[in-house]
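A.B. asks: Sequence plus predicted model, see below.
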Amino acid sequence: MTLDAAFTMLEQAPEHRVGFVFGREDAGLPNHVVDRCDAVVTLEAVEQHYSYNLAQAVLLVLHRAMLRWPHGEGAVLRAALRAASLAKPRTSTSGSRERYMGEVERMLDQIGFFKGDQRENVVRTLRHLIRKADPDEQELATLWGILSQVERVAQGPS
């Protein structure tokens, strides 16, 4: 979610304890920490500079909190001031996503998934889903690995 969406969520449930967790500049947060987070905040950035260093991220979060609540609105502001953000890893390239979608389409063809004239709609829906999910390279590699294993199982014993 965006930082503004996170602040809106805080405003809607000020009785909840909330904390944002900052990751290391070089490696972000370990997976076991991210897995325990209820939400991930992605700071908006320009394409040429897709991430912030840690000090910039903290400054941006605190500055936006102060702009949002200029008069120190109690627990919501204190929660925001305890906050930090997790920048999303670099997203996968369109080339990677296209290769993945090509493999998905090939495998669905192989198992006879497409019936009648539904190929175009199914592929369009899957492309939309992948684009909407905006997977990073690791997430896309995981999906690719799942697809490869499904293909091996579908082919049966060698």
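C.D. replies: Happy to help now that I have it. All values derive from a computational prediction rather than experimental measurement.
A.B. asks: okay, CA-based contacts and neighbour counts for the rest of this
C.D. replies: Fine.
A.B. asks: Show the secondary-structure elements that the helix or strand harbouring Gly145 is packed against.
C.D. replies: Element membership for Gly145, per DSSP states H and E: helix 137-155. Under the contact criterion of 3 or more Cα pairs under 8 Å, 6 or more residues apart in numbering; DSSP states H and E, helix 137-155 touches helix 94-110.
A.B. asks: circling back: give me the buried positions along the helix holding Gly145.
C.D. replies: 137, 140-141, 144, 147, 151 (16 or more other Cα atoms under 10 Å).
A.B. asks: Stretch 2-16 now?
C.D. replies: Neighbour counts over stretch 2-16 (16+ other Cα under 10 Å) mark 3, 6-7, 10 as buried.
A.B. asks: got the phi/psi numbers for Phe20?
C.D. replies: Backbone torsions of Phe20, given as degrees, to the nearest 10, read phi -100, psi 140.
A.B. asks: Please list the outside residues in contact with the helix holding Gly145.
C.D. replies: Helix 137-155 has contacts (Cα atoms under 8 Å, 6 or more residues apart in numbering) with 90-93, 96-97, 100, 104, 107, 111.
A.B. asks: circling back: include secondary structure when you put the buried residues of stretch 2-16 into CSV, please.
C.D. replies: Putting these into CSV (DSSP: H, G, I helix; E, B strand; the rest coil) gives the following:
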residue, secondary structure
Leu3, helix
Ala6, helix
Phe7, helix
Leu10, helix
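A.B. asks: Domain map for the protein?
C.D. replies: Taking automatic domain parsing as the reference, the chain has its domains at 3-81, 94-155.
A.B. asks: between those, which gets the lowest average pLDDT?
C.D. replies: Mean pLDDT values for the domains of the chain show the minimum at domain 3-81, a mean of 73.
A.B. asks: Ser96 and Thr42: what is the separation?
C.D. replies: 22 Å (Cα to Cα, to the nearest Å).
A.B. asks: again, but for Ala133
C.D. replies: 14 Å.
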